[in-house]
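[1] output the structure for:
(one chain, ligands or ions: 1)
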Amino acid sequence: MKIGVVGGGAAGFFSAIHAAYAGHKVKLFEKSPKLLSKVLISGGGRCNLTHGTFFLNELLKGYPRGSGFLKKVFHHFSTSDTMAWFESRGVLLKTETDLRVFPQSDDSKTIVNLLLDQASKYGVEVMTRKEIREIIPVDGYFLLKGDEIEEKMDRLIICTGGNNKKEPYSFLEKLGHTIINPIPSLFTFNTPDTGLKLLKGISVPSGKIRFEGSKLSYSGPILITHWGISGPAVLKLSAFGADWLHGKQYQAAVLIKWDESFSEPGLKNALNDFKKRHPKKNIRKNALFSLPARLWQYLTLKADIEEHLNWDDISKKKINKLIENLFNFSLIISGKTTFKEEFVTAGGVDLREIDANTMESKLIPGLFFAGEVIDVDGITGGFNFQAAWSTGFLAGKSSTK
Ligand SMILES: Cc1cc2nc3c(=O)[nH]c(=O)nc-3n(C[C@H](O)[C@H](O)[C@H](O)COP(=O)(O)OP(=O)(O)OC[C@H]3O[C@@H](n4cnc5c(N)ncnc54)[C@H](O)[C@@H]3O)c2cc1C
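    Numbering: from 1, shown residues only. Predicted structure coming up:
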């Protein structure tokens, strides 16, 4: 059989390699001059290739969209298979404390080189500068048309990645597939609050953040940047709230608890107790609850607590405002910024039109999908590559049957 793979990223190479293992003739078409370009720049040049959890339920929590679909896919190829695949081919891996998995070399070229080597070893014919623009299913085969190409393929695997515009998906829509509106996911929030931005570099280790008007809330480190807020809790909220925030055109308010253990009555008791025990202490100058001093000063300023004020002199109204700022701080967000250039697309080929046990189109037999082109995306931490390896493995293998 002749198997065509469209797209030379992580999913394209993994599909092509697994199709070629079965001894079929595999041809990979990449539109750009470069292969595996995202793998190369991923993880700050280190490639965070998977997430080091072996518990399916834990793994699935990393996917804002498509977790039900991936549950089936991961039965065929999961995180332990990814690690074993790379390690058994000589790439030693390490798992960091936050469970991100990297090559021990700390160099994404190690991953790129292995994928290129395997493709070459099993005879995958790789063609760059070949954009596929049209696919015509003809009786029992596919006619591929694009840059100086007109090729017949018996099976076809689409691995063209994500894109926040709909146009790059139009050749798939022409085949009859539905495209779920592609929008950005994984980003940080901009704020017009200049006072907060002056605190750039300050972080809290275990905050909690939610959108005002939505039930979504996420815990974890929150980092103040020179454009707004970032950190794992913010990125998670951006991913799980991607649709919601897109609908609001990235104009919303977030509510921040600077420590997720804070409760309104707990803070009230603690502050009243402190007031009784240290009436002569200056409020602004003595940060409480292990908060960074400059953040505490900012929150007291926002509660209209003057610089000279001691605990003895504070009014009930100002204490209540301070509690509000610690427990439910309202921050206007206006726009988004990419996180370390890492971003993914939410949306893509509708999962209802793909068989999760084979990655084959339910509309067109012989057509397969893998990677970010489908309506699956993960949070940061290695989840996106895991989805690319798993769907790529399954599409590659199934295409040979
Ligand atoms: C800067 C950055 C860092 C990242 N870091 C990580 C990380 O550390 N860990 C992680 O898990 N995820 C990370 N991600 C996400 C991850 O890179 C992607 O989810 C993953 O690369 C998706 O793989 P893919 O093969 O589906 O798509 P892609 O890697 O986007 O590959 C698709 C390929 O198809 C080609 N193509 C598109 N259309 C056509 C066409 N019509 N004809 C021919 N070729 C075509 C494209 O040129 C591209 O090369 C990162 C993303 C970015 C942007």
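
[2] close to the ligand: what parts of the stretch 201-350 of the chain are there?
    Residues of the stretch 201-350 of the chain that fall close to the ligand, judged by Cβ under 6 Å from any ligand atom: 341-344. Glycine gets a C-beta too; all of them are placed from N, C-alpha and C.

[3] change it to 5 Å
    Where the stretch 201-350 of the chain comes near the ligand, counting by Cβ under 5 Å from any ligand atom, the residues are 341-342.

[4] so where do the helices sit in the stretch 201-350 of the chain?
    Across the stretch 201-350 of the chain, reading from the start of the chain, the helices by DSSP state H, counting those that start in this stretch fall at 232-240, 242-247, 264-277, 293-302, 316-327.

[5] now do the last one: which elements does it pack against?
    Contacts of helix 316-327 with other secondary structure elements, assessed using 3 or more Cβ pairs under 8 Å, 6 or more residues apart in numbering; DSSP states H and E, are made with helix 264-277, helix 293-302.

[6] closest point of the stretch 51-200 of the chain to the ligand, which residue?
    At 2.5 Å from the ligand, Gly161 is the closest residue in the stretch 51-200 of the chain, using Cβ to the nearest ligand atom.

[7] nope, the stretch 1-150 of the chain is what I was after
    Nearest residue of the stretch 1-150 of the chain to the ligand: Gly9, at 2.1 Å (Cβ to the nearest ligand atom).

[8] that residue is in contact with Leu40, isn't it?
    No: counting by Cβ atoms under 8 Å, Gly9 does not reach Leu40; the two are 10.3 Å apart.

[9] more neighbours: which of these two?
    Comparing Gly9 with Leu40 by other Cβ atoms under 10 Å, the one with more neighbours is Gly9, at 26 against 15.

[10] so for that one, what's the pLDDT?
    Per-residue confidence for Gly9 comes out at a pLDDT of 98.

[11] how about Glu341?
    The predicted local confidence for Glu341 comes out at a pLDDT of 72.

[12] list the contacts of it.
    Glu341 sits next to Ile41 when contact means Cβ atoms under 8 Å, 6 or more residues apart in numbering.

[13] report the separation between it and Thr178.
    Computed with Cβ to Cβ, to the nearest Å, the distance linking Glu341 and Thr178 is 30 Å.

[14] if you compare the helices of the stretch 201-350 of the chain, which one is most tucked away?
    Of all the helices of the stretch 201-350 of the chain, helix 232-240 has the most neighbours on average by mean count of other Cβ atoms under 10 Å, namely a mean of 23.

[15] quick one: that helix to chain centroid distance?
    9 Å (Cα atoms, centre = their mean, to the nearest Å).

[16] what's next to it, contact-wise?
    Residues lying outside helix 232-240 but in contact with it, judged by Cβ under 8 Å, 6+ apart, are 64, 185-189, 207-211, 216-223, 245, 254, 336, 339, 344, 346, 377-380.

[17] from those, list just the buried residues.
    Using 16 or more other Cβ atoms under 10 Å as the burial test, those include 64, 185-189, 207-211, 217-223, 245, 254, 336, 339, 344, 346, 377-380 as buried.

[18] which SS class is the residue of the stretch 51-200 of the chain closest to the ligand?
    When the structure is reduced to helix, strand and coil (DSSP: H, G, I helix; E, B strand; the rest coil), Gly161 reads as coil.

[19] likewise Pro182?
    With three-state DSSP as the basis, the three-state label of Pro182 is strand.

[20] go ahead and confirm it touches Asn163.
    Yes: with contact taken as Cβ under 8 Å, Pro182 and Asn163 are classed as touching, separated by 6.1 Å.

[21] what touches both of those two?
    Taking Cβ under 8 Å, 6+ apart as the contact definition, Pro182 and Asn163 share the neighbouring residues 169, 345.

[22] looking at the two, which one has more neighbours?
    Taking other Cβ under 10 Å, Pro182 and Asn163 do not tie; Pro182 has more neighbours (22 against 15).

[23] so in terms of bridging, what pairs with Glu150?
    Counting by DSSP bridges, Glu150 is bridged to Lys145.

[24] i'd like the first residue to be 15 from this point on
    Sure thing, new numbering starts at 15, so read that last one as Glu164.

[25] residues near it, how many?
    By the other Cβ under 10 Å criterion, the neighbourhood of Glu164 contains 10 residues.

[26] distance check, it against Gly380.
    The span separating Glu164 from Gly380 equals 18 Å under the rule Cβ to Cβ.

[27] low-confidence stretches in the stretch 315-415 of the chain?
    In the prediction, the stretch 315-415 of the chain carries no residues with pLDDT under 70.

[28] phi first, then psi, for the residue in it positioned nearest to the ligand.
    The ligand sits closest to Gly385 of the stretch 315-415 of the chain, with a gap of 2.2 Å, by Cβ to the nearest ligand atom. Backbone geometry at Gly385, expressed as degrees, to the nearest 10, gives phi 90, psi -160.

[29] contacting residues for it?
    When the contact criterion is Cβ under 8 Å, 6+ apart, the partners of Gly385 are 21, 23-26, 173-175, 401-402, 405-406.

[30] can we see that at 10 Å?
    Gly385 makes contact with 21, 23-29, 171-176, 362, 373, 398-399, 401-406, 409, according to Cβ atoms under 10 Å, 6 or more residues apart in numbering.

[31] what number of residues lie near the nearest residue to it once chain neighbours are set aside?
    With Cβ to Cβ, 6 or more residues apart in numbering as the measure, Ala25 is the residue that lies nearest to Gly385, at 2.6 Å, once sequence neighbours are left out. Counted by other Cβ under 10 Å, the residues lying close to Ala25 total 32.

[32] shouldn't Ala25 be in contact with Val87?
    No: between Ala25 and Val87 there is no contact, the gap being 11.9 Å when judged by Cβ atoms under 10 Å.

[33] now do the shared contacts for these two.
    Residues within reach of Ala25 and of Val87 at once, by Cβ under 10 Å, 6+ apart, are 373, 384, 401, 404-405, 407, 409.

[34] quick one: list the elements packing against the lowest-mean-pLDDT helix or strand in the chain.
    When the helices and strands of the chain are scored by mean pLDDT, DSSP states H and E, strand 350-352 comes last with a mean of 91. For strand 350-352, the packing partners by 3 or more Cβ pairs under 10 Å, 6 or more residues apart in numbering; DSSP states H and E come out as strand 201-204, strand 242-244, helix 256-261.
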